[in-house]
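K.L.:
Okay, sequence plus prediction incoming.
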Amino acid sequence: MSRETAYVKMLDASAKLQWNLAMILEAKALEAEKVRSWMINHVTPDAFADQQEHLKATLKVHDQMVEVIDGLTKLNMGLTSVLKAVLNHQENDSGGGFEGMLGGSFDMGDKG
């Protein structure tokens, strides 16, 4: 298998992973909306004996949200590394490669 074929397979797998991730996030968004609705109606100061218990319950929810965001960040960093590998290959390749397939080269460098 040639390098270009391997890189195309990597990009295809990355695209499929992103599609599946989008489906998971859509389901998570629906679930989060249901939880939000339930919490608005049931997690009130009256539902807890004291303010400390109410604070613990809300911190638990926020910790779960931070874990989800952290997981998504790590997943996106992995997807980014795949794209960087393909783009670095394109830069190192003298002519041909993905330049023709992608319609020319493009700069991913920092502009800040």
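P.N.:
Thanks, I have the structure now.
K.L.:
Okay, buried residues for the one helix or strand Glu26 maps to please.
P.N.:
Under the criterion of DSSP states H and E, Glu26 resides in helix 3-42. Neighbour-count burial for helix 3-42, counted by 16 or more other Cβ atoms under 10 Å, picks out Glu4, Tyr7, Ser14. Yep, even glycine has a C-beta here, placed from its N, CA and C like the rest.
K.L.:
Could you export those residues to JSON lines, including columns for distance to Leu59 and pLDDT?
P.N.:
Formatted as JSON lines, those follow (distance: Cβ to Cβ, whole Å; pLDDT from 0 to 100):
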{"residue": "Glu4", "distance to Leu59": "50", "pLDDT": "84"}
{"residue": "Tyr7", "distance to Leu59": "44", "pLDDT": "83"}
{"residue": "Ser14", "distance to Leu59": "35", "pLDDT": "87"}
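K.L.:
And the contacts of stretch 56-66?
P.N.:
Stretch 56-66 is contacted by residues Met39, Val43, Phe48 when judged by Cβ atoms under 8 Å, 6 or more residues apart in numbering.
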